[in-house]
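S.K.: Got a predicted structure here, sequence first:
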Amino acid sequence: MFQQREVKRGKGRFFSPARSPAPVKNTAITVFALPGPTSVTPKGGKELEFSRAGLGRKVIPVSEDSKHLEVLVFKY
């Protein structure tokens, strides 16, 4: 008939809210989009031609916690 309640003893504790995850840091990687494979970086004049054609230097933000495979197959 009567219900027993649990008696609080000692100080009441303060529970902080759940922590939010730490912000992910990004690193910018500069790559060149070229029409074909090459072993050298294009010089100033060629770089201008490529940028006019929609190719050339591109900056890709990559999170620092990315795995190697994720960076290799990264499409922006």
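M.R.: That came in fine, so what should we check first? Residues are numbered from 1 along each chain as shown.

S.K.: max-length helix in the protein?
M.R.: Determined from DSSP state H, the single longest helix within the chain is helix 44-52.

S.K.: Contacts made by it with the rest, please.
M.R.: For helix 44-52, the external contacting residues (Cβ atoms under 8 Å, 6 or more residues apart in numbering) are Phe32, Ala33, Leu34, Pro35, Pro42, Gly56, Arg57. Using the backbone N, CA and C atoms, a C-beta is placed for each residue, glycine as well.

S.K.: In contact with the fifth one, which residues are there?
M.R.: The one in question is Pro42. So Pro42 contacts Phe32, Leu34, Phe50, Gly56 (Cβ under 8 Å, 6+ apart).

S.K.: And the closest residue in space to the first one that isn't next to it in sequence, how far from Pro37?
M.R.: The spatial neighbour of Phe32 that comes closest, neighbours along the chain excluded (Cβ to Cβ, 6 or more residues apart in numbering), is Arg57 at 5.8 Å. Separation of Arg57 from Pro37 (Cβ to Cβ, to the nearest Å): 17 Å.
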